[in-house]
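[1] A structural model of the following input is requested.
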Amino acid sequence: MGLLETIDSPDDLKQIDRLDLPQLAQEIRQTIIEVVAKNGGHLAPSLGTVELAIALHYVFDTPHDKIIWDVGHQSYAHKLLTGRRDVFGSIRQHQGISGFTRVSESPYDAFTTGHSSTSISAALGITAAKQLKEERSKVIAVIGDGSMTAGLAYEGLNQAGDTHKDKDLIVILNDNDMSISPNVGALSSFLSRTFSAKRLQDMRREIGDFLKSLPRIGDDMYQLAKRSEESFKAFVTPGMLFEAFNFEYFGPINGHKLNHLINILQNIKVLEEPVLLHVITKKGKGYAPAEKNPVHFHGCGKFEVATGECFASLDTPPTYTKVFGDTMVELAREDQRIVAVTAAMPEGTGLTGFAEAFPKRFFDVGIAEQHGVTFAAGLASEGLKPVVAIYSTFLQRAFDQIVHDVCIESHPVIFAIDRGGIVGEDGATHHGLFDLSYLRCLPNMVVMSPKDENELRHMLKTAVQHPGPIALRYPRGTGTGVPLDDKTAPIEVGKAELICEGQTPDDLLIIAIGRTVEEALKARRILNDEHDLTAAVINARFVKPLDIDLIGSYAARTPYIITVEENTLPGGFGSAVMEALSDANISGFKMKRLGIADVFVDHGPQKLLRRLHGVDAEAIVDAALKLTA
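    Numbering: from 1, shown residues only. Coordinates of the predicted model:
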């Protein structure tokens, strides 16, 4: 029996001899690799935090002491150590455990995560609440160096250093890219261990109090001593930034040396002041393919363990992301005004080709969506055509900037919104199910969504020619396989497409948007072939402005209407159709809106989730039969 098999909780972990912990780390890594190879997931981040997870649960009294894993994608070892070993094989599968931390999943998950840079603010809130309740426990925020590019992290640090309610707060900076400092070595490790000792901390305070008590020269002597210490520490550590926020800084230290890491954490545990520990880790640690290509294995699909090669279906259509990226390069060759903006996701948004072809016209703003949108507004104000390529779920973070900095002055910023709709195994924090609702309410904004990858190309052409803000929303995954036109041509803004005409005045009318058009056409065939029921199908193309002329002309003569969208129903596409028909005084029909109910959708395969939430062809058929019964 391996060591991991003996651990059902951190209490079991504490029974293991410290000399055996490296063996445990090896077993955890092997388990993570084997499971992610079958399920897909965030491999490289979780491999990099194995020793850190072990050390934290070895030293602290969890779940009384709370650990918040920023984003949560690096928490796989944490899950294995906190009672989820037997169900770890279900990670990211439908009705299995989440790939992120979820409060509803385990008492050891102190905060539900999925998006970047929330951990410090949440941890500070928890420490403040505990003080109000007169409770004491340590609260640890583990945040990656990438997440430190977001302003939210510094907002949390800023308040933490100013509230005096943070003496139980520990922030661990997991630096897996050495982007802050390469100062790892014997001297800095020695200093971190030495400076973190409670004995030295007490001595520093006593000396400080003594110096300040000296008549006339006390304050000057104290400031001189403080400056001398700070100068020395600044010479060997990068912690002055964090100490400016009133955090006691230790590090950087090697995050893979378990014994040393445990010693540091034991010293820090007893301090009664906000602490920031800077650890250096290696993304993908322990698996050669992931160490060699950590970007690819940051979030990967299924792969062969022996080689690291991903399993790919042969002859599949290109993804919407790839078609977008290729079209961007094509259009940018024709129009020098086109520039691209991404928030730390050039690979995920398909912009690597653009970055290579036009490096001066490509801007990666880091994990800073709010800044990125306002930055794009600035570009647009000078006559450029910025394309903000971003996942739907992350665009939510910049809503105020869309309103205030883009739409009020109608700056021609193009929002290329990837992962619109159901995204699959990443679950509730990553589905793009709200964008149609929150964008269509904004004055000056145009909102469109293509039925297939070819229409995506033409909509991108439409976007770069549009004089105001415009959103192009498309799904995760492969396209439909339609041929791609050699040349792109703009689509008239607000013009829908009648794909299939009805045969009788009593025909059903199906109005679909985006990828649900394909489901509507499948449903039409089933209704015709199996139920002798004919239907007209309209590809709306635009959520705003709606083509009320086309939609209204059919709605005025049909007794039955179904709208279909992969978006939340409240305020969504179906609501827009109902509002437009009401405003046009068109009535006398029965109507059913299909979309995502007022719920958060859990994780699972896209096809299954579409079936469960009623936005596939089968759901359209069921709705049609009930509506026309």
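
[2] CA atoms for contacts and neighbours, from now on please.
    Noted.

[3] who does Leu173 form a beta bridge with?
    In this entry, Leu173 is beta-bridged to Ile143, His278, by DSSP bridges.

[4] isn't it right up against His278?
    Yes. The criterion here is C-alpha atoms under 8 Å, and Leu173 meets it with His278 at 4.7 Å.

[5] ok, those two, which is more surrounded?
    Neighbour totals were compared for Leu173 and His278, and His278 leads with 27 against 23 (other C-alpha atoms under 10 Å).

[6] mind listing what the more buried one touches?
    172-175, 249-253 (C-alpha atoms under 8 Å, 6 or more residues apart in numbering).

[7] sec struct for the residue lying closest to Gly239 once chain neighbours are set aside, please.
    With sequence-adjacent residues excluded and distances taken as C-alpha to C-alpha, 6 or more residues apart in numbering, Gly239 is closest to Tyr249, at 5.5 Å. The local conformation at Tyr249, judged by DSSP: H, G, I helix; E, B strand; the rest coil, is strand.

[8] got TSV for the contacts of His278, with distance to Lys285 too?
    Shown next, in TSV, are the contacts of His278 (distance: C-alpha to C-alpha, whole Å):
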residue	distance to Lys285
Ile172	18
Leu173	17
Asn174	13
Asp175	13
Tyr249	25
Phe250	23
Gly251	20
Pro252	18
Ile253	16
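
[9] which of those sits closest to Ala428?
    Asn174 (25.0 Å; C-alpha to C-alpha).

[10] hmm, the closest one is touching Ile280, no?
    Yes. The pair formed by Asn174 and Ile280 meets the contact definition of C-alpha under 8 Å, at 6.2 Å.

[11] against which helices or strands is the helix or strand hosting Asn267 packed?
    Assessed by DSSP states H and E, Asn267 sits inside helix 258-269. Secondary-structure packing of helix 258-269 (3 or more C-alpha pairs under 8 Å, 6 or more residues apart in numbering; DSSP states H and E): helix 50-59, helix 186-196.

[12] can you name the element that comes right after the first one?
    Put plainly, it is helix 50-59. In N-to-C order, the element after helix 50-59 by DSSP H and E is strand 66-69.

[13] direction included, what does that next one pair up with?
    strand 139-144 (parallel).

[14] could you give the mean pLDDT of the next helix or strand along the chain from the strand it pairs with?
    Going down the chain from strand 139-144, the next helix or strand is helix 151-163, by DSSP H and E. Average pLDDT, helix 151-163: 87.

[15] among the helices and strands packed on helix 258-269, show the one with the smallest mean pLDDT.
    helix 186-196 (a mean of 52).

[16] which secondary structure element of the chain has the lowest mean pLDDT?
    Every helix and strand of the chain was ranked by mean pLDDT, DSSP states H and E. The lowest is helix 186-196, at a mean of 52.

[17] what about Gly588, neighbour count?
    So Gly588, with other C-alpha under 10 Å, has 12 neighbours.

[18] contacts only, for the residue nearest to Gly239.
    By C-alpha under 8 Å, 6+ apart, the contact set of Tyr249 is 239-240, 242-243, 275-278.

[19] OK, contacts around Ile140?
    65-68, 123, 169-172 are the contacts of Ile140 under C-alpha under 8 Å, 6+ apart.

[20] just say helix, strand or coil for Gly595.
    From three-state DSSP, the assignment for Gly595 is strand.

[21] now do the contacts for it.
    For Gly595, the contacting residues are 564-569, 613-615, by C-alpha under 8 Å, 6+ apart.

[22] separation between it and Val615?
    Distance of Gly595 to Val615, given as C-alpha to C-alpha, to the nearest Å: 6 Å.

[23] now the common contact residues for these two.
    The contact lists of Gly595 and Val615 share 564-566, where a contact means C-alpha under 8 Å, 6+ apart.

[24] and Val446, how many neighbours does it have?
    23.

[25] contacting residues for it?
    440, 469-471, 542-545.

[26] closest one of those to Ala629?
    After measuring the contacts of Val446 against Ala629 - C-alpha to C-alpha - the closest member comes out as Val543, at 29.3 Å.

[27] wait, that closest one touches Met448, no?
    Yes. With contact defined as C-alpha under 8 Å, Val543 reaches Met448; the gap is 5.8 Å.

[28] tell me where the model's unsure across the protein.
    Judged by pLDDT under 70, the chain has its weakly predicted residues at 163-165, 177-238, 313-314, 505.

[29] break it into its domains for me.
    4-289, 320-473, 499-628 (automatic domain parsing).

[30] quick one: end-to-end length of the shortest one, please.
    Which is domain 499-628. In terms of C-alpha to C-alpha, the two terminal residues of domain 499-628 are separated by 21 Å.
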